[in-house]
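Chemist: Here is my input; please provide its structure:
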Amino acid sequence: MASVIVAPFVTGLALTFVIEALLRPPVMPFWRRAPATLAAHLGSWCLLYALFLLVLQRPWLAAGFVTSLQLVVVQSSNTKSATLKEPF
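Modeler: Next up, the predicted model:
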């Protein structure tokens with residue numbers, strides 16, 4: 001049972017770091033960030049994945065939904081950065 005939940009969790013978490021590479025202006029790579037920043041990223045991912053998994057009861061759908069929400073935030077940040085010339 002755990003392997004059914006872990007694979008989408010790890011895949012979605014890896015995709016969040018790939019999606020962050022789309023940010024403009026770019027952010028530091030995750031291995032150079034402060035531990036508190038990584039803890040906030042991992043904690044928010046875990047919390048949202050757990051909540052959506054509880055509601056949807058489909059691990060891959062929950063991972064995809066949370067990842068797509070992060071993509072919306074990144075695209076909104078890029079649009080704001082391009083139009084207002086200030087970061088999100």
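Chemist: Which positions within the helix or strand harbouring Leu15 qualify as buried?
Modeler: Here Leu15, judged by DSSP states H and E, is contained in helix 2-20. For helix 2-20, burial by neighbour count (16 or more other Cβ atoms under 10 Å) applies to 5, 8-9, 12-13, 15-16, 19-20. To be clear about C-beta, it is placed using only N, CA and C from the backbone, and glycine gets the same treatment.
Chemist: cool, and stretch 61-77?
Modeler: Here stretch 61-77 shows 62-67, 70, 74, 77 as buried, counting by 16+ other Cβ under 10 Å.
Chemist: Averaged pLDDT, the longest helix that the chain contains. What do you get?
Modeler: Identified as the longest helix of the chain according to DSSP state H is helix 59-84. In this model, helix 59-84 has a mean pLDDT of 93.
Chemist: Tell me the helices and strands packed up against that helix.
Modeler: If contacts are counted by 3 or more Cβ pairs under 8 Å, 6 or more residues apart in numbering; DSSP states H and E, helix 59-84 sits against helix 2-20, helix 35-56.
Chemist: Not counting sequence-adjacent ones, nearest residue to the spatially most central residue of the chain?
Modeler: Nearest to the mean C-alpha position of the chain, by Cα atoms, centre = their mean, lies Thr16 at 3.7 Å. With sequence-adjacent residues excluded and distances taken as Cβ to Cβ, 6 or more residues apart in numbering, Thr16 is closest to Gln70, at 5.5 Å.
Chemist: Check Phe9 too.
Modeler: Per Cβ to Cβ, 6+ apart, closest to Phe9 is Tyr49, 6.0 Å.
Chemist: separation between that neighbour and Leu84?
Modeler: Going from Tyr49 to Leu84 by Cβ to Cβ, to the nearest Å gives 31 Å.
Chemist: shouldn't Trp60 be in contact with Pro8?
Modeler: Yes: using Cβ atoms under 8 Å as the test, Trp60 is close enough to Pro8 to be in contact (4.7 Å).
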